[in-house]
Each structure stands twice: as structure tokens, then as C-alpha cells.
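Undergrad: Curious how this folds, go ahead:
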Amino acid sequence: MLLFNSYQFIFVFFPATLALYFLVARFGRTAKLGTILAASLFFYGWWDVRFLALLALSILGNYAIGQRLTREVEKENAGAGRAWLVLGVTLNLVVLGVFKYANFFAQNVDWVAGTHFTFGHIILPLGISFFTFEQIGYLADIKRGHIYRADLLSYAVFVSFFPRLVAGPILRYSEIEPQLTPLGKSRFSMDDLAIGLTIFFIGLCKKAFLADGIAPFVAPTFSAATGGHSVDFFVAWGGVLAYTCQLYFDFSGYSDMAIGAARCFGIKFPVNFASPYKAGNIVEFWRRWHMTLSRFLRDYVYITLGGNRRGPIRRYANLFITMLLGGLWHGANWTFVCWGGLHGSYLMINHGWNAAAVRASWLGRLRASLAWRIFAHLLTFFAVVVGWVFFRSPDFGTAIHLLAGMSGLHGAMLPDGLQFLFGPLRGELGHLGITFGMGSGSTLLATYGWVAALLAVAFLMPNTQEFLARYQPSLVASGLDHTKHILYGRWSFSPAWAVAGGALAFVGVISITRVSEFLYWQF
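TA: Numbers count the residues shown, from 1 in each chain. Here you go, the predicted model:
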């Protein structure tokens, strides 16, 4: 696999593709798009050349259906247009279902019926969830009246463009098409290159240095719970918070690298990640976390189900169903469905609370207070962390063991080496069920040291989009503007920032010590 955080990508594939792209610029749009398409297909085929045929058939099939659907919409033939849309969506979901959910379905049939049915070992094609959703959105937009004059080459580039081919963001054709026709700038842009590489290497540091740095403290805790071992309070919280940080910087790092790589070609992607742990409620969290997926679920699932147009009960049901499907999209496992259901419940409670605050003025005054805002941020973060337990756990047994440990049901033990800090309070701690053991506890201390450092970065530092806000590094994908609230540290074209960028690149590159896939590539 040609990973972004690999020497092959950073020093061979990416610079060679970029150089070739600008060398052929003199030959016009077709040559430039053809270069991007060839590079993207090579990038995808490097993982498994057999699945190039699947990607190509998906592109050709959806393009053909989109062309026919466009003609029916232009003729105002609603019935035929609906039929072609249903056909396109069905075919996309069938392909996704076969590769991603066939064995999940078989396992559940076996569990209910006591059979032994199986489809054998099915390899999940990289990025199939992402490019399938994009193409469903493309067809749905046409049915809603967005007439795209897409030629096959530009459509193929839209689907396969390598910076976001395997893990998003989930694009809309309307966002990319104006940048492909006539493909923006025809000359090499040093500004785009500087901005793009800065964003890319910020993302590389997040992934290779921060996310991979804390990763070793995650697996032992979850593995112990999977094995049925009782995980005590401090170990459970340490492992779960470590995963909370790992996933954050892994996904944030990938999003930056995708946006940065695209910007080097003069193409802007929508922002996909905007400091979600700074959210003060769960609605805001989903406006900041995986923003393009949230947008897709809202526009093509929630609104299609009826949205909020049919009363509060139906609205809450639509929210819950949408999040269940969002959880299932992440993986063929009931733990993902449970995670989606949790967030669906969170959103229902959040919207109900907002409605109650409108009716009761005292609630409005309470929510405006500083103490409440701090409490709301902590509560939101706690709810998200609990959700990550199910998201990371391979089964419910693991999740239950960890939640029991986090609740203190398996006891709480501190390292012997910390006894001197508590002195006469040791007796009181014993009454609370906190004992001492674990030897020096160096692993536990290192875990919490990493967690404290990474949470400080997540909560206190500006995000990448805020750093480069004055240069509009990406498209805005939600109603929130996450680029204005920064009082310090704005990036600029200056020697000081050039040195800082070089330092980031150095740290990121030397942190690539092993093959480490992005967590979201498995979805």
C-alpha cells in the first residue's frame, strides 16, 4: 500500500506526479487531467491491481447512469428519472454490501437460524465506502436538479483523485468540477505549493509523531479486555483516552495530508476536521468531526427520511436511524452500530435540551453562564470518549469490560512509586478503594503523560485551518466558520515560517519508523 506516511510516497510518487503534472500543462486540460487520472489509478493499483477493474466499472457505470438521469431530468420526466436514480443507488449499495457486509449478514443469519453459511474470505477494497457515497451523492444531486455537464475524464478524476481516494473527504462534484474545468491555473504556483506542503507536513507530524507515538499505549488495554481480564480504573481510562487521542490525530493528520496534497495541484478540498474536541455539545461535535460524512448523512439520509418536517417524534426517529446507518457505514460490526446508536441518542437529547431551553428562559440564562459552558464541554467530551470504547472494541464483551473498569468496578491501583506523594492520605485512598501496586508504573505514567500532552494540543492550540486562514486553505463544508477564532500564530510567507515548516517536515519524516496505516483506511 502506498501510504502517505511512507518514504516511497513522499520522496518518489508525489514529487514525480507533481513534476509531471506541471510539465504537461502546456498541452492543455486533457493532458493535465490524464496525468492526474493515471497517477491516481497507479496509486490505487499499488495496493491491489485486481481492484482497479472494480474502481473502473464503478466510475463507468455511475457516469453512464448519471448521463441518462440528466437527460430524463432535463425532459422533466420524473418517473423515469426516479427509476434511474433507484437503479444507480441500488447498484452502488449492492456492490458495497457484497464486499463490506456479506459476511456480516451471513454471521447474523447463522446466529439466528443456527446455520453455517459463509461467503468465504472477502477482501474489502480500499476506499469503497468513500467513492460509493460520493457517486450516490452525484446521482442524487442530478435528480434534485443539479445539471452537471460532466465529461468522462473529469468525472473519473473526481472519483479517483488520489489524495482522497481511499479515506475521504467525501466530495461533491459541484465542489471539484469548477476546479477541473478549465482546471484553474495552467502554470506552476509557488504559493499553492508552499501552502500545500505546509498543510501536508503538519498532517504528517500529527500522524507519524503524535498518533503513532501514543498508539503503543492503546492496544494492550483493549487486548486485555478482549481476553476477559479485569482492567482497573486508571489503566482503563489511560487506554481509552490514549485511543481518543490516537484516533483524533490520526484522522486529523490524514485530513491535513489530503487537503495539502490536493492544494499542491491548485485544487481545494472541503475541510473535514475542525477541532471537534472543542465542541460544547454533540451537535457541534458532528459539525466538526468528519464534516463531509456528516453533511452526506444529513443531505442524503436524514432529509430523505423526512428530516424535521413531520414533527418532533419523527425528527428524533430520523436522527436515530441516520446515526445507526452512519455507525454501520464505519464497519460491519454491531459495535459500530451501537456507537452510531449512542450518538443518535446523544443528538436526540441535545435537540430536546435545546427545545426546552427555548421554552424556559431560566435554562437559557443557565446555558449562557461560564460554569455551564465548561460543564457542557466536559460532558460532551466524556460522551464522545464513552462512544469510542464501542468504536474501538472488536466485540461487546471488550466494551463492557472496559466500561466496567472505567466505572471503578474492577478496582483502582496506583504505582508503588507514587506512594510518597500521598503520605498520610494513603489510608483515605484505601477507603475509596484505591490501592498501590504495579511496581514503578512507568507504562501508566507514560500513558498519562502522552494523553495530557496530546489533549493540551487538541484543546488549546489552533487547528490547521486556523493557522492558514488568511490563505483560504480549503473549502468550507458546514455552516460553521472555524477559521476566524485565532489570536496568535497565523501562518504567512516568511523566513520564520519557512524554518518552522522545514522543522515540521524533518520531525514528520524521521518519525516514519514503521508501516502504519491510517485508522480510517479500514472503513
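
Undergrad: other SSEs contacting the lengthiest helix in the chain?
TA: In the chain, with assignment by DSSP state H, the single longest helix is helix 233-264. With contacts taken as 3 or more C-beta pairs under 8 Å, 6 or more residues apart in numbering; DSSP states H and E, helix 233-264 sits against helix 190-204, helix 212-214, helix 219-226, helix 370-392, helix 396-406, strand 412-415, helix 442-460, helix 464-467. In short, each C-beta sits where N, CA and C put it, glycine included.

Undergrad: just checking, what packs against the fourth one?
TA: Contact here means 3+ C-beta pairs under 8 Å, 6+ apart; on that basis helix 370-392 packs against helix 233-264, helix 282-286, helix 334-359, helix 361-368, helix 396-406.

Undergrad: How about it, which residues are buried there?
TA: Residues of helix 370-392 classed as buried: 376-377, 380-381, 383-392 (neighbour count, 16 or more other C-beta atoms under 10 Å).

Undergrad: Let's verify Leu33: helix, strand, or coil?
TA: For Leu33, the assignment made with DSSP: H, G, I helix; E, B strand; the rest coil gives helix.

Undergrad: swap in Phe436?
TA: Going by three-state DSSP: Phe436 is strand.

Undergrad: All further residue positions should be reported with the first residue as 7.
TA: New numbering, starting at 7: the last item is Phe442.

Undergrad: How about it: which residues does it bridge to?
TA: On the basis of DSSP bridges, Phe442 is bridged to Leu420.

Undergrad: ok, it - contacts?
TA: By C-beta atoms under 8 Å, 6 or more residues apart in numbering, the contact set of Phe442 is Met419, Leu420, Pro421, Asp422, Leu424, Gln425, Arg432.

Undergrad: Quick check: the gap between it and Asp238.
TA: Shown here: Phe442 relative to Asp238, a distance of 12 Å by C-beta to C-beta, to the nearest Å.

Undergrad: Spit out the residues that contact those two alike.
TA: Shared contacts of Phe442 and Asp238, counting by C-beta under 8 Å, 6+ apart, come down to Met419.

Undergrad: All the helices of the stretch 7-156 of the chain, residue numbers only.
TA: 13-14, 20-29, 35-53, 58-80, 84-102, 108-119, 134-149 (DSSP state H, counting those that start in this stretch).

Undergrad: Go ahead and measure how far the longest one is from the middle of the chain.
TA: In terms of C-alpha atoms, centre = their mean, to the nearest Å, the gap separating the centre of helix 58-80 from the centre of its chain is 27 Å.

Undergrad: elements contacting whichever strand or helix holds Gly436?
TA: Assignment of secondary structure by DSSP states H and E places Gly436 within helix 432-437. Using 3+ C-beta pairs under 8 Å, 6+ apart, no helix or strand is in contact with helix 432-437.

Undergrad: so how many other residues sit close to the closest residue to Gly411 other than its chain neighbours?
TA: Leaving out its chain neighbours, the residue that sits closest to Gly411 by C-beta to C-beta, 6 or more residues apart in numbering is Ala242, at 3.2 Å. Residues near Ala242, counting by other C-beta atoms under 10 Å, number 27.

Undergrad: what are the phi and psi values for the residue nearest to the spatial centre of the chain?
TA: Against the mean C-alpha coordinate of the chain, by C-alpha atoms, centre = their mean, the closest residue is His296 at 4.3 Å. Backbone torsions for His296, taken as degrees, to the nearest 10, come to phi 40, psi 60.

Undergrad: what about stretch 463-482, how long is it end to end?
TA: This stretch, stretch 463-482, spans 23 Å end to end (C-alpha to C-alpha, to the nearest Å).

Undergrad: Averaged pLDDT, it. What do you get?
TA: Per-residue pLDDT over stretch 463-482 has a mean of 88.

Undergrad: so where's the stretch 357-506 of the chain uncertain?
TA: Within the stretch 357-506 of the chain, the set of residues satisfying pLDDT under 70 comprises 444-446, 483-495.

Undergrad: try 90
TA: 361-374, 416-451, 471-473, 475-504, 506 (pLDDT under 90).

Undergrad: coming back round to it: wait, what's in contact with the residue nearest to the centre of the chain?
TA: Going by C-beta under 8 Å, 6+ apart, His296 touches Gly174, Phe257, Asn278, Phe279.

Undergrad: Of those, which is the nearest to Ala459?
TA: Each of the contacts of His296 was checked against Ala459 using C-beta to C-beta; the closest is Phe257, at 18.2 Å.

Undergrad: For the closest one, give me its contacts.
TA: Phe279, His296, Phe524, Leu525, Tyr526.

Undergrad: ok, how many other residues are close to the residue nearest to Cys251 when sequence neighbours are not counted?
TA: Spatially, and ignoring its direct neighbours in sequence, Cys251 is nearest to Leu460 (4.0 Å; C-beta to C-beta, 6+ apart). Neighbourhood size, Leu460 [other C-beta under 10 Å]: 22.

Undergrad: which residues sit in contact with Cys344?
TA: Gly333, Phe396, Phe402, Ala405.

Undergrad: please redo it, this time with the cut-off set to 6 Å
TA: Phe396 (C-beta atoms under 6 Å, 6 or more residues apart in numbering).

Undergrad: Next: Thr404.
TA: Ala231, Thr232.

Undergrad: Asp116: neighbouring residues, count only.
TA: 13.

Undergrad: who's in contact with it?
TA: By C-beta under 6 Å, 6+ apart, the neighbours of Asp116 are Phe123.

Undergrad: let's go with 10 Å and repeat that
TA: Residues counted as contacts of Asp116 (C-beta atoms under 10 Å, 6 or more residues apart in numbering) are His122, Phe123, Thr124.

Undergrad: Could you count how many residues lie near the second one?
TA: Right, the one you point to is Phe123. Neighbour tally, Phe123, other C-beta under 10 Å: 11.

Undergrad: Let me know the pLDDT of it.
TA: At Phe123, the pLDDT value in this model is 76.

Undergrad: Could you find the closest non-adjacent residue to it?
TA: Ala112 (4.9 Å).

Undergrad: Would you mind confirming that the one you found is in contact with Phe125?
TA: Yes. Ala112 lies in contact with Phe125 (C-beta atoms under 10 Å); the separation is 5.8 Å.

Undergrad: hmm, back to that, quick one: the residue nearest to Gly411 and Met419 touch, right?
TA: No. Contact criterion C-beta under 10 Å: Ala242 and Met419 do not qualify, at 11.1 Å.

Undergrad: Following the record's annotation, map out the domains of the chain.
TA: The record's domain parsing of the chain by automatic domain parsing lists 30-193, 194-279+417-529, 287-399.

Undergrad: Quick check: end-to-end length of the last one?
TA: This means domain 287-399. Domain 287-399: ends 24 Å apart by C-alpha to C-alpha.

Undergrad: Next: stretch 370-378.
TA: 11 Å.

Undergrad: Run through who's touching it.
TA: Residues contacting stretch 370-378 (C-beta under 10 Å, 6+ apart): 286-287, 359-360, 362-364, 366, 369, 379, 381-382, 385.

Undergrad: Same list, those residues, but as TSV with distance to Arg56 please.
TA: Putting the contacts of stretch 370-378 into TSV (distance: C-beta to C-beta, whole Å) gives the following:
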residue	distance to Arg56
Gly286	47
Asn287	45
Trp359	50
Asn360	49
Ala362	55
Ala363	55
Val364	55
Ala366	60
Leu369	58
Arg379	53
Phe381	53
Ala382	49
Leu385	47
